[in-house]
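> 3D, please:
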Amino acid sequence: MFLTAPQPKQLDRPVVETPIPRDLFAAIADLKKELNAVILAHYYQDPDLQDIADYIGDSLGLSQAAVNCQADVIVFLGVHFMAETAKILNPNKLVLLPDLDAGCSLADSCPPDRFAAFKAEHPDHLVISYINCSADIKALSDIICTSANAVSIVNQIPEDQPIIFAPDRNLGRYVSEQTGRDMVLWDGACVVHEIFSERKLVELKLSHPQAEIIAHPECEANVLRHADFIGSTTGLLKYVQRSECQEFIVVTESGVIHQMQKATPMKKFIPAPPNSNCACNECPYMRLNTLEKVYLIMKNRSPEIILDESIRQAALKPMQRMLEMSNTK
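Numbers count the residues shown, from 1 in each chain. Modelled structure (predicted):
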């Protein structure tokens, strides 16, 4: 709704395709200097995309990096809601997303019209929304959170204040358990984090008895109960660096393993198995971004993220509140 589509092709003139250079890494580096651009990438991107990024992080870290960005152009290697977040925080910067089809199953599980009606049914509730949602949902929220700060933010809310937590029911349930708060949960979920098989996880643990199981709180409760450590993507990365264990079963999107291996090359990381034979522990939306597409968006300066200003301003307030509460000691 708020994204600009590529310009339609003119039928009365030949279509000239942009040639792809042989050395994409060098070409992207040159364009970054030319545009005064910064490249932000999520841990779930392909390793090549992580390696060209100026900053790699989870949703909280990427939001903080976007706030502090001094570049003229933000090239966001992630999905729609992440690029939208960068635009919410940087209205005067050019924000580029390699593939407009890089959406999010969790964000899609919370349509704005249905959520507005849901919110109206609970008029006395404070709305805390996980950052993995659209700009429209952020605009309907009071506070945004991430998996890294959700528990802390809920703990800062007065106990007599009822809360709606959206859109991820699994993260909401986990936060409720950690805080003791009985929150009203929107019934949304991430397809990647719901795909892990408890049976296969147990079998994998039996074949790797020395391995620690580390998991993201977006996973279902029956999977989390087997985890030795539960944390945000950055939390998982930091944990494997400080743990004395040499082997880990990683229960989240497998892209983060690239950074785990770079940080601790002597340790072994095993991606947790999905409940089928597919590569479902890789987010299909994240993997739509490629080096070729990064080059093309930087060369063509399109597709650009554009938000309705009223939506952007409404979404900015809960984002700012999150960042302020995240800095609370």
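
> buried sites along the host helix or strand of residue 240?
In the assignment (DSSP states H and E), residue 240 maps to helix 233-242. With burial defined by 16 or more other CB atoms under 10 Å, the residues of helix 233-242 counted as buried are 233, 234, 235, 236, 237, 239, 240. Every residue, glycine included, has its C-beta placed from N, CA and C.

> what sits against residue 18?
Listed by CB atoms under 8 Å, 6 or more residues apart in numbering, the contact set of residue 18 reads 296, 299, 300.

> which among those residues end up buried?
Buried among the contacts of residue 18 (16+ other CB under 10 Å): 296, 299.

> need the contacts of residue 18 in TSV with secondary structure, distance to residue 93 and pLDDT, can you?
Conversion of the contacts of residue 18 to TSV gives the following (DSSP: H, G, I helix; E, B strand; the rest coil; distance: CB to CB, whole Å; pLDDT from 0 to 100):
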residue	secondary structure	distance to residue 93	pLDDT
296	helix	19	96
299	helix	18	96
300	helix	17	95
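
> The very next helix or strand once past the helix holding residue 240 pairs with which strands, and in what direction?
Remark: after helix 233-242, the chain's next helix or strand is strand 247-251, criterion DSSP H and E. For strand 247-251, sheet partners with direction are given as strand 212-215 (parallel), strand 268-271 (parallel), following DSSP bridges.

> in the very next helix or strand once past the first one, what counts as buried?
By that I understand strand 212-215. The element immediately downstream of strand 212-215 (helix or strand, assigned by DSSP H and E) is helix 221-224. Neighbour-count burial for helix 221-224, with 16+ other CB under 10 Å as criterion, is recorded at 223, 224.

> Could you check the angle the helix holding residue 240 makes with strand 247-251?
Using axes from the mean of the first three to the mean of the last three CA atoms, to 10 degrees, the interaxial angle of helix 233-242 with respect to strand 247-251 works out to 170 degrees.

> Who are the packing partners of helix 233-242?
strand 212-215, strand 229-230, helix 257-263 (3 or more CB pairs under 8 Å, 6 or more residues apart in numbering; DSSP states H and E).

> Mean pLDDT, distance to residue 52 and mean neighbour count for the strands paired with strand 247-251 - can I get that in JSON lines?
Converted to JSON lines, the strands paired with strand 247-251 look like this (pLDDT from 0 to 100; distance: least, CB to CB, whole Å; neighbours: other CB atoms under 10 Å):
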{"stretch": "strand 212-215", "mean pLDDT": "97", "distance to residue 52": "27", "mean neighbour count": "24"}
{"stretch": "strand 268-271", "mean pLDDT": "95", "distance to residue 52": "22", "mean neighbour count": "18"}
